[in-house]
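# Following is a predicted model, sequence given first.
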Amino acid sequence: METLKTLQTFDLSLTINGKAWTGRIPVEETLLEFLRGRLGLTGTKRGCESEVCGACTVLVDQMAISSCNYLAFEAHEKSVLTIEGLAVDGRLDPIQEGFIQNSGFQCGYCTPGQIMAAKGLLFENPSPTRQEIASWLAGNICRCGAYPGIAASILEASRQGEKEKF
């Protein structure tokens, strides 16, 4: 006799990039799957799916998390910020500006995760040292080796943040 697998669901309510979202999702859906498949927010990249590469980094209540292993229902009643929500009214975030000015990217695949991890760092530590940046971003891999530009971008955004609030 064949057994049917019962799909459990969850009524999710959250804020995504400043907008409220409510709906029913499967309990096993990751935040990465939710963002990319359900909402079409494809800036968050799928990489290792093991919390190692950092390509899937987003912010949940201003904390950097790996969305590949974070279940969507864990974001219930929380605020999620993705790379698509970082610019406000067409104005790039200082971190985005820094990445452009300092060549903080080459191929660009890791860039959204790097930027979101950097944003999480600056929320926690608005004036990090180069060593603190290196330690914080240890879980974000750039295969192209753009690390000097990434660090310079974060330091520049930090200086900009001293002039205006993150």
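Received the coordinates, thanks.
# which residue packs closest to residue 18, ignoring adjacent ones?
Spatial nearest neighbour of residue 18, excluding adjacent residues (Cβ to Cβ, 6 or more residues apart in numbering): residue 85 at 6.2 Å. For every residue, glycine as well, the C-beta is placed using N, CA and C.
# mind listing what's buried in stretch 143-151?
For stretch 143-151, the neighbour count (16 or more other Cβ atoms under 10 Å) marks 146, 147, 149, 150, 151 as buried.
# So the closest residue to residue 141 other than its chain neighbours, which state does it fall into?
Excluding the flanking residues, the one nearest residue 141 by Cβ to Cβ, 6+ apart is residue 53, at 4.7 Å. Following DSSP: H, G, I helix; E, B strand; the rest coil, we place residue 53 in the coil state.
# Tell me the predicted confidence for residue 53.
Predicted confidence (pLDDT) for residue 53: 95.
# just checking, what packs against the longest helix seen in the chain?
Determined from DSSP state H, the single longest helix within the chain is helix 147-163. If you count contacts as 3 or more Cβ pairs under 8 Å, 6 or more residues apart in numbering; DSSP states H and E, helix 147-163 packs onto helix 94-101, helix 111-124, helix 130-136.
# remind me which residues of the chain are low pLDDT?
For the chain, applying pLDDT under 70 flags the ranges 1-6, 162-166.
# can I see the domain layout of it?
Per automatic domain parsing, the structural domains of the chain span 9-85, 94-163.
# mind checking which of the helices and strands packed on helix 147-163 is nearest residue 72?
Closest to residue 72 of the helices and strands packed on helix 147-163, according to Cβ to Cβ: helix 111-124, at 16.9 Å.
# So which elements touch that closest one?
Looks like helix 111-124 contacts strand 57-60, strand 63-66, helix 94-101, helix 130-136, helix 147-163 (3+ Cβ pairs under 8 Å, 6+ apart).
# Deepest in the core, which of these is it.
Among these, strand 57-60 has the highest mean neighbour count (mean count of other Cβ atoms under 10 Å), at a mean of 25.
# Please name the strands paired to that strand in the sheet, noting orientation.
When pairing is defined by DSSP bridges, strand 57-60 lines up against strand 63-66 (antiparallel), strand 79-81 (antiparallel).
# Residue 114 is nearest to which of the ones you listed?
Distance to residue 114, taken as Cβ to Cβ, is lowest for strand 63-66 among the strands paired with strand 57-60, at 10.5 Å.
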